[in-house]
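In: Please work out how this folds:
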Amino acid sequence: MYYFVLALQYISIFGLLFESAYIFRNWKSRIHGYLLLNCAATMVNNAGMLQVMLSDNYDEAMTAQKLSYVGTVWIPFSLLIFLVELCGVRTKKNTMLFLGAFHALTYVAVMTNDWHHLYYRNLGFTKEGVHPHLTYDQGPWHHVYTMFLISYIVYGLLILFMTIYKEKNKKNLKRLWYIAASIVVEVICYIIYLTGMTNGYNITVLGYSLSTVIMYIAIFKYDLLDTLELTREYVVDKLSEGLIAVDTEGRVRYFNEPAKTLYPQLVEKPDETLDIIEQAIEDEDVITIDDRIYTPCIEELEYEGENFGSLYRLIDDTEHYNYMEHLREQSQLADKANRAKSAFLANMSHEIRTPINAVLGMDEMILRESKERQIIGYAEDIRNAGRTLLSLINDILDFSKVEQGKMELIPTQYELGSAINDLVNMVRPRADKKGLRFDVNVDSEIPHLLVGDEIRVKQCALNLLTNAVKYTEKGSVHFEVGYEKAGKDSIKLRFTVSDTGMGIKQEDMDRLFSPFSRIEEGRNRSIEGTGLGMSITRQLLDLMDSRLEVSSVYGEGSVFSFEIVQKVTKWQAIGDFSKRFSSVGKGVHIYRELFHAPTARVLVVDDNAMNLTVFKGLLKKTMVGIDTASSGAEALRLAALNTYDIYFIDHMMPDMDGIETLKRLRAMEGRENALCVALTANAVSGARETYIEAGFNDYLSKPVDGERLEKMMAGMLPEEKLEKQAVSEGRRVSTAPKVLVVDDDQVIRTTAKNILDNIFDVITCGTGEEAIALTKSKMPDAVLLDISLAGMNGFEVLSRLKEDPEVRDIPVIFVTGEDSAEAESTGFKNGAADYVKKPFSPEVLIQRTKRAVELYQLQSGLKSEVDRQQIRSERLSLEMMMALAKTVDAKDHYTNGHSNRVAIYSAELARRLGKSEAEQQQIFRMGLMHDIGKIGVSEDILNKTSRLTDEEFMQIKRHTVIGSEILSSITEMPGLATGARSHHEKYDGSGYPDGLKGKDIPEAARIICAADCYDAMTSTRTYSKPMEQQKVRNEFIRCSGTQFDPDVAAAMIQMIDDDADYIMNEQGFTNEIWQGSAKIEELAAGENALAEKGFNGIEGLDADTGIKHCGGEDNYKLTLEAFAESAEEYTESIRKFVAENDRENAMIKLHSLKGAARTIGAEKLGDMAYTGEMFYRGRSEEKPDIEGTLAELARLTEALYKRLR
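Out: Numbering: from 1, shown residues only. Alright, predicted model coming up:
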């Protein structure tokens, strides 16, 4: 074997020597030089390898190896430039210089390896194997060199096969195929060599030998070195393209055969042909000849800086255009199929959910406003049916999500008691309706504050509870919640649902979890549901690493249970819930003020100004007189000057606490029996007994519950001071609707008031001026207006009311003795709601007035509901887009947050370019969705760290078309598809997918293109690291007018210049970059009015909870203002007390801050203050982060001031 290999080596050397000599003799062009360099380098390499084979020791082998590398390093480089020249590929001079320098440095690295070992490591010599050879490990430079070789192979074969694909000349094709075969042989041998399977033999030598034989065939049989052929076929004829060359005077000097075939008149009328081609170029149009499509273009003929004329090229793009047309047809078919496939879920989501939500919303308004028992019953039936329908739809959508693997758990902090309360409130009415006993048993020691996916936990428990109620005809349903400790900061939370229902046969157990299936279908046909509940529950529990346990006895009942591990935020026990659940009311409960007491007077004492504001707001509708004091000393001063019916005293106050204040108050003359209620945030077990023992009459926990407060006061205030509202059947009714009666006849006013007074709150007046004033001040629900008033008549009053936007919707009923059709017609034309003639019967007056009031209240409710639904719709749309953007970014592991950053940058660019707020928000949405098409690209390609193949890059480019197809069905937002399709178009027309140019590119896409490129340069990618800001700026300057719209580039450059702190990047990114970001946050916030204004967008603040604590939206805003104003005093006092180690006052202030924070819904700040309070109270050894607490207070206060302004 050894001598056979030596023989091959000698043959290859002499063969290469002969080939080099032949090429040298026929050397007439650059391509000959590149081929000669390749042959010579290969010959030197083989000669060096021959010496290695003949060596007897390491020194001889290493010397021979270095000799071989004189040729080795230039083989791939010379072959690459030979192929580039052969295929006519344009390559920048600097690129070739760089590659040449790299190969030269590689040779230097080999020659000096003994000094640094960058190329070879652990060198040795062995005579084992086929022949003597060196042994070594590859160094880092060797690995880099190998990567370059692989890149050459891929690129060289790519351009060669592309050239073969385009070539039509058979002789040229054969040449190209021989060259391809020659290179493939070398590649195969090189790959075998890299695997190390040849036992020390460098098989590339054999590859070079075989390649030499193939190249000989190409040279001698197919005239590879024929200069004229090379020049005409590869340089002039340009791979069979039509070419026409003209000189600087515009005279045709040359045209090839393809051009002559296309334009036979070239011989006699060359100018006419040039005019046709130039017009097509100017119009950016194609030329169609004999069903073939040609793209014309013109290039300057230059050599060494001197212009010799122009070259017109006619490129046959027929296959390209046919392929694009085919793509368009396939795209339309795919889009149609996709629409058909998703029609079911789309109809579910839009056609059913939207109107059902609207129906339920309007039904809620009926439940709130109606006082008729029968109407309330109907409304309850509508609500129950609507919720059932929504439940069915949600089951199907949830099942679809789970099946597609799109269901994700979102752990959040939640209050277990609130979650259980929600479950009981949802299930109890169903159980009551069927006459079932619903028992609830909750372990009172369960920690109340947990971390988990509350929504999915409740969904699993609710599915079990609703099933138990549905399949139980008589008896009871029992719901039990328990726990056991699972770790230092976690518990196993156990839910158990048992019933006395029909039970499950043992043979049916396997079908229990089958989707769209119900056990004993015939027997249970009347029971509502999709048959998905148990299947969804099991799969959700799988996601939470849990399982559903089932035991059942047919005919007796079933028991379902599951355990889930939940983290514990606070170990404070949940307490006794049995009383709370047993007191849950049946039927509808709409709360309004329990009483009016305008002559009553109370004193509220609290060192927290915000708490005082909340308290006053809760009692606002009761008309109770309220005085406030911010300390015990001030309370005593006011008590000495005034008499109060009730004193509400905060326990934890500096200097003089609540208990000390109580003692001093009771010591005052005449105040021995003063009614005093303690206010405290420490609502722990036994608190009431503690305060009663201290002398208080009762206590209230913070945040104060408005309903409990009024109940307490109703029992404490003197009976003569209470003006109680109507209460019937456990349901408090709202204050009666107001009706204004306007008539200059006292008898008519008195008669109308006596008729309507049992139903309405009636106000009367006798003139038009009084009517206008009272309407504006009292805002009645209807106005009964006489036409023939003294002074200003009824028509004039009506006209004045309709001009005022505040009162123009209030219905006006004309009540008149005029029997005139003309007067009646005039009244209706001017906006009257109805017309009642005198003398009127009580039944008619009541009926007409009631109808007008109900229509007015319903109209007001509907308007409010429409506004809310619109906000909800916009918010849901934005949240869905944000979720989709996060999905795309999560798929591309290296660009997390990319879509959101591009959206923000795009919106800010739009603002700087003078776009309206609506346009800015539209571009924001387009920016969010610009990369949605990456959903259709493989993650392996998106996250590939090495160079992409041509096929992979084509798949990446397809994301623009995919995104456009996905978004094109959103007809109400057509711009989304535009942004997705065109954000990779370049200003000079070299982009994709459509090659649009200049202003033909949609403006939004031009903006998104700049934002996208900016983020690509400033964030971490698979192929690059973030660039310095100055370099990014230089790139925008360089590419202005080529890649980017000059106006957009100028705006981006200005943005970069304004970004002094460099926050526009993935590390320092903030929404404050875009001044309009608050508008988006506002849109994506909550559903109530204050949340819509942005309070729910503040980190660490739950506006919905705060509004609930404060008794209403208006009061909540006042409370937030008081909280913000008191922040400085909190900060100074807490710092002072902590610095002085005044533990008692520090504890009091932190206690006060805790209560204030929890009242407004700032749970995080409240928890931090609670930690400090417990430390200074001596009940915890955990040292509080006081500065962190105050920093959170400062951050929250600053955010509040921004929103409040």
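In: C-alpha only now, for contacts and for neighbours.
Out: Fine.
In: Surely Ile491 is within a strand?
Out: Yes. Checked against DSSP: H, G, I helix; E, B strand; the rest coil, Ile491 lies within a strand.
In: and it, how far is that from Ala461?
Out: Going from Ile491 to Ala461 by CA to CA, to the nearest Å gives 17 Å.
In: got a pLDDT number for Leu532?
Out: Leu532 carries a pLDDT value of 62.
In: And Glu803, by the same measure?
Out: As predicted, Glu803 sits at a pLDDT of 89.
In: same deal with Phe161?
Out: The model's pLDDT for Phe161 equals 85.
In: Find the nearest non-adjacent residue to it, please.
Out: For Phe161, ignoring the flanking residues on the chain, the nearest one in space by CA to CA, 6 or more residues apart in numbering is Ala180 at 7.9 Å.
In: what about the helices in the stretch 1001-1150 of the chain?
Out: Under the criterion DSSP state H, counting those that start in this stretch, the stretch 1001-1150 of the chain carries helices at the ranges 1003-1018, 1029-1039, 1046-1058, 1077-1083, 1089-1092, 1103-1110, 1113-1139, 1143-1160.
In: can you list these in JSON lines and add mean pLDDT and distance to Gln857?
Out: Below are the helices of the stretch 1001-1150 of the chain laid out as JSON lines (pLDDT from 0 to 100; distance: least, CA to CA, whole Å):
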{"stretch": "helix 1003-1018", "mean pLDDT": "92", "distance to Gln857": "44"}
{"stretch": "helix 1029-1039", "mean pLDDT": "92", "distance to Gln857": "59"}
{"stretch": "helix 1046-1058", "mean pLDDT": "92", "distance to Gln857": "51"}
{"stretch": "helix 1077-1083", "mean pLDDT": "49", "distance to Gln857": "27"}
{"stretch": "helix 1089-1092", "mean pLDDT": "42", "distance to Gln857": "19"}
{"stretch": "helix 1103-1110", "mean pLDDT": "75", "distance to Gln857": "24"}
{"stretch": "helix 1113-1139", "mean pLDDT": "84", "distance to Gln857": "20"}
{"stretch": "helix 1143-1160", "mean pLDDT": "85", "distance to Gln857": "31"}
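In: do you know which of those lies nearest Lys778?
Out: Closest approach to Lys778 among the helices of the stretch 1001-1150 of the chain (CA to CA): helix 1113-1139, 19.1 Å.
In: Contacts only, for Pro296.
Out: Taking CA atoms under 8 Å, 6 or more residues apart in numbering, we find Pro296 in contact with 277, 280-281, 286-287, 312-315.
In: List just the nearest of those residues to Pro447.
Out: For the contacts of Pro296, with Pro447 as the reference and CA to CA as the criterion, the closest is Val286, at 75.2 Å.
In: wouldn't that closest one be in contact with Ile293 here?
Out: Yes. When contacts are counted by CA atoms under 8 Å, Val286 is listed as touching Ile293 (6.6 Å).
In: Quick one: closest of the helices of the stretch 1001-1150 of the chain to Glu480.
Out: Proximity to Glu480 (CA to CA) singles out helix 1103-1110 among these, at 27.0 Å.
In: who does the closest one touch, helix- and strand-wise?
Out: helix 609-618, helix 1089-1092, helix 1113-1139, helix 1143-1160 (3 or more CA pairs under 8 Å, 6 or more residues apart in numbering; DSSP states H and E).
In: starting at the chain centroid, how far to it?
Out: Put simply, helix 1103-1110 sits 26 Å off its chain's centre (CA atoms, centre = their mean, to the nearest Å).
In: in it, what counts as buried?
Out: 1103-1104, 1106-1110 (16 or more other CA atoms under 10 Å).
In: Quick one, which of the helices of the stretch 1001-1150 of the chain gets closest to Lys260.
Out: Of the helices of the stretch 1001-1150 of the chain, the one closest to Lys260 (CA to CA) turns out to be helix 1029-1039, at 39.5 Å.
In: Next, the angle from the closest one to helix 1003-1018.
Out: Interaxial angle, helix 1029-1039 versus helix 1003-1018 (axes from the mean of the first three to the mean of the last three CA atoms, to 10 degrees): 140 degrees.
In: Just want the angle from helix 1029-1039 to helix 1046-1058.
Out: Using the same axes, to 10 degrees: helix 1029-1039 against helix 1046-1058 is 170 degrees.
In: Other residues contacting helix 1029-1039?
Out: The contact list for helix 1029-1039 (CA under 8 Å, 6+ apart) reads 1014, 1017-1018, 1044, 1049, 1052-1053, 1056, 1062.
In: And stretch 1157-1168, by the same measure?
Out: Residues from elsewhere that reach stretch 1157-1168 (CA under 8 Å, 6+ apart): 611, 702-703, 1100-1107, 1109-1110, 1116, 1119-1120, 1153-1156, 1184-1185, 1189, 1192-1193.
In: now those residues: which count as buried?
Out: By the neighbour-count criterion of 16+ other CA under 10 Å, the contacts of stretch 1157-1168 include these buried positions: 611, 702-703, 1100-1104, 1106-1107, 1109-1110, 1116, 1119-1120, 1153-1156, 1184, 1189, 1192-1193.
In: follow-up on the earlier one: among the helices and strands packed on helix 1103-1110, which is the most enclosed?
Out: helix 1143-1160 (a mean of 25; mean count of other CA atoms under 10 Å).
In: Just want the angle from it to helix 1103-1110.
Out: 110 degrees.
In: Specify the angle between the very next helix or strand once past helix 1143-1160 and helix 1103-1110 in degrees.
Out: Going down the chain from helix 1143-1160, the next helix or strand is helix 1163-1177, by DSSP states H and E. Put simply, helix 1163-1177 runs at 60 degrees to helix 1103-1110, going by the same axes, to 10 degrees.
In: pull the CA atoms of helix 1163-1177 into PDB?
Out: Only the C-alpha atoms of helix 1163-1177 are listed here, as PDB (Å, rounded to 0.1, in the frame of the first residue of the first chain):
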ATOM      1  CA  GLU A1163     -49.600  45.900  47.600                       C
ATOM      2  CA  LYS A1164     -45.800  45.800  47.100                       C
ATOM      3  CA  LEU A1165     -45.100  49.000  49.000                       C
ATOM      4  CA  GLY A1166     -47.600  47.800  51.700                       C
ATOM      5  CA  ASP A1167     -45.700  44.500  52.100                       C
ATOM      6  CA  MET A1168     -42.300  46.400  52.400                       C
ATOM      7  CA  ALA A1169     -43.800  48.700  55.000                       C
ATOM      8  CA  TYR A1170     -45.300  45.700  56.800                       C
ATOM      9  CA  THR A1171     -41.800  44.000  57.000                       C
ATOM     10  CA  GLY A1172     -40.500  47.200  58.700                       C
ATOM     11  CA  GLU A1173     -43.400  47.500  61.000                       C
ATOM     12  CA  MET A1174     -43.000  43.900  62.300                       C
ATOM     13  CA  PHE A1175     -39.300  44.400  62.800                       C
ATOM     14  CA  TYR A1176     -39.700  47.600  64.900                       C
ATOM     15  CA  ARG A1177     -42.600  46.000  66.700                       C
END
